[in-house]
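S.K.: sequence and computational prediction follow.
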Amino acid sequence: MIKIKNLKKTYYTPHSSIEAVSDINLKIEKGDIFGIIGFSGAGKSTLIRCLNRLEEPDSGEILIGEKNISSMDDKQLRQARRKIGMIFQQFNLFDSKTVFENVAFPLKIAGFRSDQIESRVREILQLVDLSDKIKAYPLQLSGGQKQRVGIARALANDPDVLLSDEATSALDPQTTYSILELLKNINKKLGLTIILITHELDVLNSICNHMAVIEKGKIVETGTVEKFFSNPESTTARRFIHILQDFQKKRIFQGGEGI
C-alpha cells in the first residue's frame with residue numbers, strides 16, 4: 001500500500017509563492033491502477049514527482065509499503081528509487097544510445113553484471129513487443145515505440161510501483177490505446193502498482209480502477225472510476241464530465257452533417 005499523509009509543496013519566486021500541492025492525503029492499494037486527474041496547473045505533476053522525490057516536499061510523509069520515502073537520506077533514496085519506475089510524457093530517451101542501451105542504462109547504474117543486463121533487457125523488450133528494435137536508435141522509432149522503450153526502461157529494475165506522468169499525452173488515440181493495453185497487461189502480469197496522472201477522461205476510463213481529482217493543489221474527490229462517471233461529487237469532476245458530454249454531442253452533430 002502507498003500512503004500519502006499531509007503532503008505539501010510550495011514553489012518560491014523572488015516576489016511570490018505558489019502552493020503546488022497542499023495537505024494531500026491518499027491511500028493506494030497494492031496492485032491497483034490509480035488515476036489522478038486534474039486540469040492544467042492543478043498540481044498533478046508536482047504530486048507524482050514528490051512520490052519519488054524528484055520534487056522535494058516541504059512537509060508530509062510518503063510511505064511505500066513499510067518504507068518512509070520522505071525520511072530517507074540520499075543513499076537510501078537511491079536504493080528506493082530502483083523500485084519506483086517512472087515513464088514520462090516526452091519519453092526522456094538518450095538519442096545517442098540504442099534501444100538496448102537505453103533500457104540497460106539503469107541496470108548499469110545499479111551495478112548488474114553484463115550477462116544479467118543482456119538477459120533482463122531482452123526479457124523486458126519482449127514484454128513490450130520491441131525485440132525487433134533492440135539495435136535501433138530513438139530517432140528511428142515512432143512515438144508509440146519510443147514510449148514502449150520508456151516503459152521498458154522504467155521496468156528494468158523490477159519495480160513495485162510504476163509512475164506515469166502524462167505518458168500518453170503526446171500520442172495519437174490509436175497509439176494511446178495500445179500503450180494503455182500494454183500497461184494493463186503489465187499490471188496483470190507483474191502485479192505492480194501503477195499511479196497514472198492525466199487530464200484525459202478516456203485514459204482514466206480505459207485503465208484505472210480508482211481515482212482522485214486534484215484542483216488547485218488539493219484533492220477534492222476520491223473513489224472508483226465508475227462513481228466518478230456516474231455520480232461526480234466535486235465541481236471539478238462535474239466540469240470534466242460536462243466537457244466530455246459537450247465534446248460527444250459536437251462529434252455526433254458533426255458526423256450527422258456529413259451524411
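M.R.: Everything's here; your move.

S.K.: burial count for residue 59?
M.R.: Other residues near residue 59 come to 12 when the count uses other C-beta atoms under 10 Å. For every residue, glycine as well, the C-beta is placed using N, CA and C.

S.K.: and if you look at residue 66?
M.R.: By other C-beta under 10 Å, 6 other residues sit near residue 66.

S.K.: check residue 82 too.
M.R.: Residue 82 is flanked by 16 other residues according to other C-beta under 10 Å.

S.K.: distance of it relative to residue 187?
M.R.: To residue 187, residue 82 is 19 Å away according to C-beta to C-beta, to the nearest Å.

S.K.: do residue 67 as well
M.R.: Distance check for residue 67 against residue 187: by C-beta to C-beta, it reads 21 Å.

S.K.: cool, and residue 120?
M.R.: 19 Å.

S.K.: is it true that residue 117 lies in a helix?
M.R.: Yes: checked against DSSP: H, G, I helix; E, B strand; the rest coil, residue 117 lies within a helix.

S.K.: tell me, how many residues neighbour it?
M.R.: Counted with other C-beta under 10 Å, the neighbours of residue 117 add up to 20.

S.K.: the residue positioned nearest the centre of the chain: what secondary structure?
M.R.: Nearest to the mean C-alpha position of the chain, by C-alpha atoms, centre = their mean, lies residue 164 at 1.0 Å. Classification of residue 164 by three-state DSSP places it in strand.

S.K.: which residues sit in contact with it?
M.R.: Neighbouring residues of residue 164 by C-beta atoms under 8 Å, 6 or more residues apart in numbering: 48, 86-87, 183, 194-197.

S.K.: neighbours of the nearest residue to residue 137 once chain neighbours are set aside, how many?
M.R.: Residue nearest to residue 137 in three dimensions, not counting chain neighbours: residue 98, with 5.8 Å by C-beta to C-beta, 6 or more residues apart in numbering. Applying other C-beta under 10 Å, we find 17 other residues in the vicinity of residue 98.

S.K.: could you check the pLDDT of residue 98?
M.R.: For residue 98, the pLDDT comes out at 98.

S.K.: who's in contact with it?
M.R.: Here residue 98 is in contact with 134-137 (C-beta under 8 Å, 6+ apart).

S.K.: rerun that using 10 Å as the cut-off
M.R.: 104, 133-138, 140, 149 (C-beta atoms under 10 Å, 6 or more residues apart in numbering).

S.K.: likewise residue 99?
M.R.: Counting by C-beta under 10 Å, 6+ apart, residue 99 has contacts 93, 121, 125, 130-138, 140-141, 145-146, 148-149, 152-153.
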